[in-house]
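> Quick check, what structure comes out for this input:
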Amino acid sequence: QGEHPELLEKGLEERLAFCKRWGTDQMVEMQKADLKNYGVEFDLWFRERDLHAAGALEEAIAFLDERGLLFEAEDAKWFRSTDFGDDKDRVIVKSDGSYTYVTADIAYHHDKLKRGYTKLIDIWGPDHHGYIGRMQAAIQALGYSEDTLEVLILQYVALLRNGEQVKMSKRAGEFITMQDLVDEVGKDAARFFFLNRSPESHLDFDLDLAVEQSNENPVFYVQYAHARISSILRQGRDMGVSLPNSKEVDLSLLTHDSEIALIKQMASLPEELLTAAMQREPHRVTRYALDLASLFHSFYTHCHILGEKEQLRDARLVLVAQVQVVLRKVLGILGVDAPEQM
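Have a look, this model is predicted:
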């Protein structure tokens, strides 16, 4: 009443419609804030109601009708999606005049393509797998090639605590938000755990493991490798040994198997990043980080650094410094911090 006194003069339906819009907007703002804390910010948030208000659904229907891709049957309007490989034609206007879900989806993709985008990548839940064919049919009906739309199916996540699944229920209002998760395990663990699985794989997110400071915790394992290298370099400075210029070091002394393995792993980074991007597989980057950290920990076990003779010591200092650079870059790509000490 204080912020919107005009509501008192409106009818019940108008007040309910306002409250629905207001409540939705508040929830979206909460989601934006939670995602920002998690390290994700979208350039544009698009509401379906904006499509309806702009007449985008009617425009998309008219476009398909002009191309002869609609027909009427059973008092409804149908889209000839089978002409483009779908398993059956789809209703887009029901007998009561209302639109189906697919109508809004066609209008949204039509709008996005008109805005100049040439590649659309949708991320859907596992219960929408059967929806791919009809949307790819719609994309072709709009005049674009089938591969203009790429759909990634993301599997569900289960949260585990004390070895048991955390029960959640939308009906009972029992759930854990993204912010709850970040508050409990931290942004770094949350991001690394989510990114450490392929999109098509189910994830059991172990809340206890995510906060554990042990080698079993993957994000701790990688971050500890970075921090351990910082410790080595600090110890060197305390001993009066500064990091040498790589051009002034005899790197041919790096012949141990663990040293060669580190060098090969670092050299493979560009190819790994390209593959991860082209195949939409960010988990390849977390696996790369884990492999590099593992190789470094193995090297640290088998090879002394500061206690070696000067030439070999300097070569190994250069090596571990470069490992740290790569770890920092990879963690940065993942949106995970690279701590100097732990």
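> Make sure I have this right: Met329 is in a helix.
In this structure residue 329 is Lys, not Met. Yes: the assignment for Lys329 by DSSP: H, G, I helix; E, B strand; the rest coil puts it in a helix.
> Quick one: residues contacting it.
Contact analysis of Lys329 by CB atoms under 8 Å, 6 or more residues apart in numbering lists Leu269. Using the backbone N, CA and C atoms, a C-beta is placed for each residue, glycine as well.
> The closest residue in space to Tyr108 that isn't next to it in sequence: how many residues sit nearby?
Spatially, and ignoring its direct neighbours in sequence, Tyr108 is nearest to Leu51 (6.0 Å; CB to CB, 6 or more residues apart in numbering). For Leu51, the count of nearby residues is 21 (other CB atoms under 10 Å).
> Quick check: Leu51 touching His109?
No: assessed by CB atoms under 8 Å, Leu51 is found out of contact with His109, at 10.6 Å.
> which residues are common contacts for those two?
If you check Leu51 and His109 against CB under 8 Å, 6+ apart, no residue is contacted by both.
> Just checking the distance from the strand or helix carrying Ser230 to the centre of its chain.
Using DSSP states H and E, Ser230 falls within helix 218-238. The chain centre lies 27 Å from the centre of helix 218-238; the measure is CA atoms, centre = their mean, to the nearest Å.
> So for the following helix or strand past that helix, what gets flagged as buried?
Following helix 218-238 in sequence order, the next helix or strand is helix 257-267 (DSSP H and E). Using 16 or more other CB atoms under 10 Å as the test for burial, helix 257-267 gives Ser258, Glu259, Ala261, Leu262, Ile263, Gln265, Met266.
> Repeat that for stretch 50-70.
Under 16+ other CB under 10 Å, the buried positions of stretch 50-70 are Leu51, Ala56, Leu57, Ala60, Ile61, Phe63, Leu64, Leu69, Leu70.
> The residues you listed: which two are farthest apart?
Within the buried residues of stretch 50-70, two members stand farthest from each other by CB to CB: Leu51 and Leu69, at 19.5 Å.
> what about Leu292, distance to Ser258?
12 Å (CB to CB, to the nearest Å).
> I'd assumed Phe71 was in a helix, is it?
No: applying three-state DSSP, one finds Phe71 to be strand, outside a helix.
> List the contacts of the closest residue to it other than its chain neighbours.
Closest residue to Phe71 apart from its sequence neighbours, by CB to CB, 6+ apart: Trp78 at 5.4 Å. Applying CB under 8 Å, 6+ apart, one finds that Trp78 lies in contact with Leu70, Phe71, Glu72, Asp89, Arg90, Val91, Ile92.
> most surrounded residue in those?
In terms of neighbours by other CB under 10 Å, the contacts of Trp78 top out with Ile92 at 25 neighbours.
> quick check, that one in a helix?
No: judged by three-state DSSP, Ile92 forms no part of a helix; its state is strand.
> So it sits against Tyr101, correct?
No: when contacts are counted by CB under 8 Å, Ile92 is not listed as touching Tyr101 (9.7 Å).
> Look at the residue nearest to Tyr108 and report its pLDDT.
With respect to pLDDT, Leu51 scores 91.
> ok, now how distant is it from Tyr99?
Note on Leu51: its distance to Tyr99, by CB to CB, is 10 Å.
> tell me, what's touching the two both at once?
Residues touching both Leu51 and Tyr99 (CB under 8 Å, 6+ apart): Leu57.
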